[in-house]
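K.L.:
Could you work out the structure for the sequence below:
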Amino acid sequence: MLQTKNLETMTLSQNSIRLNLIKRLVFFVSLVSITSYAQVDSKSEEWWTPITKKHDIKYESYTLLGDCFIIGEKKVDREMETFKDVIVISKGQEDYWIFKSETASYDPNTTTLKIYDCTMEKFKTNSNSLEPEKSYKHINYSTNFEKNVSTMADVRPEK
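P.N.:
Predicted structure coming up:
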């Protein structure tokens with residue numbers, strides 16, 4: 001009987017050691033995989049990098065909302081985010097828009113970004129030209145990320 005208990009204890013002990021080794025091996029492999037992925041990902045270029053280089057747009061910090069890359073002095077009041085001296089880059093399939101404005105806001109409750117009295121310029125993604133394909137001035141632009149709906153309105157007074 002004593003010999004059976006010792007055998008059971010040894011078997012349990014050996015199984016415990018094996019299980020512990022397997023856990024450590026899985027953890028090590030996972031850690032190596034995550035570290036390798038992070039290194040590859042950190043070296044990859046974000047979609048806005050070629051655009052900011054092309055247009056010589058400098059930034060120290062940014063906000064990313066959907067496909068909108070936002071640069072500007074950001075303040076948060078309760079949940080509302082406001083931006084001053086803002087540049088927004090919005091990407092499409094084959095083109096992108098650059099919005100420039102003194103002010104913009106984002107409401108996370110409605111998932112709506114509003115850019116006030118802005119200049120909008122459309123560029124082709126695969127072009128080196130700094131001349132916009134289309135350009136609008138004095139536009140109030142709004143986009144709802146949840147509904148995927150955008151609107152624009154001319155803010156100049158009617159003549």
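K.L.:
Just the element for the residue nearest to the spatial centre of the chain, please.
P.N.:
Residue closest to the mean C-alpha point of the chain, counted by C-alpha atoms, centre = their mean, is Leu64 at 4.1 Å. In the assignment (DSSP states H and E), Leu64 maps to strand 63-65.
K.L.:
Now do that strand: everything it contacts.
P.N.:
70, 74, 81, 83, 106, 113, 145 (C-beta atoms under 8 Å, 6 or more residues apart in numbering). Every residue, glycine included, has its C-beta placed from N, CA and C.
K.L.:
how is the protein carved up into domains?
P.N.:
Domain ranges of the chain: 1-44, 49-154, per automatic domain parsing.
K.L.:
I'd like to know the average pLDDT value across the longest one.
P.N.:
The one in question is domain 49-154. Averaged across domain 49-154, pLDDT comes to 95.
K.L.:
returning to what we had before: buried deepest among the domains of the chain, which one?
P.N.:
Greatest average neighbour count among these goes to domain 49-154 (a mean of 15), per mean count of other C-beta atoms under 10 Å.
K.L.:
Now do it: distance from first to last residue.
P.N.:
30 Å (C-alpha to C-alpha, to the nearest Å).
K.L.:
Great, nothing more from me.
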